[in-house]
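Asker: Build me a model from this:
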Amino acid sequence: MPAIAQQPRVGPQTVASIEDALAARRRSGGADRNAAFDPRASEQLLAAMRTVKAARFNAAERLERKHALSLFAMSMVSLYFVGLSVWQAVYAPMLDEAANRLITLVSIMSSIFSLVLALIESMNDYRMKAHHMHACALAVNDLYHELKLMRPSDAAHLQAFRQRYTGAVRRCPCNHSRIDYLMAKAEGEAPWLDKAWARLRHTLDVYALYGFALIAPPLVLILCR
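Answerer: Numbering: from 1, shown residues only. Below you'll find the predicted structure:
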């Protein structure tokens, strides 16, 4: 009968050599990952955190200021409307027809401005947005200082920081605007023209609408009297 070929047996030395090869591969893979880690990635993440936290602090301050100005403007415009209506009712016999029409026009303008400002305030909810922006900026600020102190040299550790940073930003239900980003960039070493342009846009965004609502009714009354 033909002899049956025996299967080669795997000895303990062969198993040990395979385990040593796998361990060496794992060590070399870890060394490759550490060698591929770019220290500039940590600096880039720090720069992103610094810009975002500054932009969101600016957004919180801007929205708080708009909320205060909105309430002040609504109160003053309502006072225009009530005051002119009372004045018109008391001094009606002493007013000619042109003055009476002018006061009626300014009273209508004041009531329209008051309604528009109330609708803008209710739709935007500046105070709640400012609260969310401030909370997000504080969370990013904590991560920024933690990363600045630890300075991770491992890609996995840096990725964990990046995920925590992304989660903190995504948990905020609203986002900062372009002007907040420009103001954050202007706080650094930016050209003076960029800083002036950012501050001008910020001033117009905060004060333009409410300043117009406050100035327009008395200006029309003075110019057309």
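Asker: and the helix or strand where A208 lies, what other elements does it pack with?
Answerer: For A208, the host element (DSSP states H and E) is helix 192-223. Judged by 3 or more Cβ pairs under 8 Å, 6 or more residues apart in numbering; DSSP states H and E, the packing partners of helix 192-223 are helix 39-90, helix 97-124, helix 178-186. The C-beta positions use only the backbone N, C-alpha and C, and glycine is treated the same way.
Asker: can you pull the buried residues of the second one?
Answerer: Read it as helix 97-124. L102, I103, V106, S107, M109, S110, S111, F113, S114, L117, I120, E121 (16 or more other Cβ atoms under 10 Å).
Asker: Give me the nearest residue to the residue most central in space within the chain, chain neighbours excluded.
Answerer: Against the mean C-alpha coordinate of the chain, by Cα atoms, centre = their mean, the closest residue is H176 at 2.3 Å. Excluding the flanking residues, the one nearest H176 by Cβ to Cβ, 6 or more residues apart in numbering is A59, at 3.9 Å.
Asker: Please apply the same query to A48.
Answerer: Computed as Cβ to Cβ, 6+ apart, the closest residue to A48 that is not its neighbour in sequence is Y165, at 7.7 Å.
Asker: where does the one you found land in three-state SS?
Answerer: With DSSP: H, G, I helix; E, B strand; the rest coil as the basis, the three-state label of Y165 is helix.
Asker: Also C172?
Answerer: Taking three-state DSSP, the label given to C172 is coil.
Asker: show me what contacts it?
Answerer: Contact analysis of C172 by Cβ atoms under 8 Å, 6 or more residues apart in numbering lists R56, H132, M133, A135, C136.
Asker: so which helix or strand takes in the third one?
Answerer: Under the criterion of DSSP H and E, M133 resides in helix 126-150.
Asker: Where does the prediction get shaky in the protein?
Answerer: Scanning the chain for pLDDT under 70 picks out the ranges 1-38.
Asker: quick one: which of the contacts of C172 has the most company?
Answerer: R56 (28 neighbours; other Cβ atoms under 10 Å).
Asker: if I look at that one, how far off is E121?
Answerer: 21 Å (Cβ to Cβ, to the nearest Å).
Asker: now I108
Answerer: For I108 relative to E121 (Cβ to Cβ), the value is 21 Å.
Asker: again, but for E97
Answerer: Using Cβ to Cβ, we find E97 at a distance of 37 Å from E121.
Asker: do the same with E189
Answerer: From E189 across to E121, the span is 37 Å (Cβ to Cβ).
Asker: For L182, which non-adjacent residue is spatially closest?
Answerer: Nearest residue to L182 in three dimensions, chain neighbours excluded: A198, at 4.0 Å (Cβ to Cβ, 6+ apart).
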